[in-house]
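Undergrad: coords please:
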Amino acid sequence: MAIHKIQINDFVSDDYELIAVHSSLDDYKLAYMLNKELGVQLSKNLAYVEIAIPEGKSAFSNYIFDDEKNDVVWTLIENKTTIINSNKQTTSLFEQVDITVFLLPEFKKADYLIKIENIDYGFDSESIIDKIQEIKNVTTAYAIDITNLKSKNNLIF
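TA: Just a heads-up that it's a prediction; the model follows:
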């Protein structure tokens, strides 16, 4: 009997666009402004995106919109979260340490990421980036090249 090995690359597809957003807005305010500017309907996803690290699990808040008409899935996700690491042996409140975890550590300055899945070749990401940059309190937005991304597996959710 032949053994067939399945590689992780069999499941990773590059038919998505990734946009980094630098903004001081809260996630719900940014989602509202994106809905208004881009004509999407992002809504809070109750399932957090979790990443396990040695200190514990981190949970990233996200908003999702499944555009069934165009067969495109939009996800707004925070890039940075904080977990509290407390040693089980200590009893003091002051011995707790806050640990900052990034979804994409290569882009630590990006506050949010927008993942747009199932796009085709006619997708115009530049016009979307221009509309995002027009939002008040958005410092900048830019496309991320996903071909050389080391933490690409964190985007599988």
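
Undergrad: quick one: strands adjacent to the strand or helix carrying residue 100?
TA: Following DSSP states H and E, one finds residue 100 within strand 97-102. When pairing is defined by DSSP bridges, strand 97-102 lines up against strand 80-85 (antiparallel).

Undergrad: Centroid-nearest residue for this structure?
TA: In the chain, the residue lying closest to the centroid (Cα atoms, centre = their mean) is residue 77, at 3.5 Å.

Undergrad: Count residues in the vicinity of the closest residue to residue 60 other than its chain neighbours, would you?
TA: Once flanking residues are discounted, residue 60 sits nearest to residue 49: 4.4 Å by Cβ to Cβ, 6 or more residues apart in numbering. (C-beta placed from N, C-alpha, C; glycine too.) Using other Cβ atoms under 10 Å, residue 49 is surrounded by 19 other residues.

Undergrad: is it true that residue 49 touches residue 77?
TA: Yes. Applying Cβ atoms under 8 Å as the test, residue 49 and residue 77 come out as touching, 6.2 Å apart.

Undergrad: Quick check: neighbours shared by the two?
TA: Common neighbours of residue 49 and residue 77, using Cβ atoms under 8 Å, 6 or more residues apart in numbering, are 60, 62, 103.

Undergrad: from those, which is closest to residue 146?
TA: Comparing the shared contacts of residue 49 and residue 77 against residue 146 with Cβ to Cβ picks out residue 103 as the nearest, at 13.3 Å.
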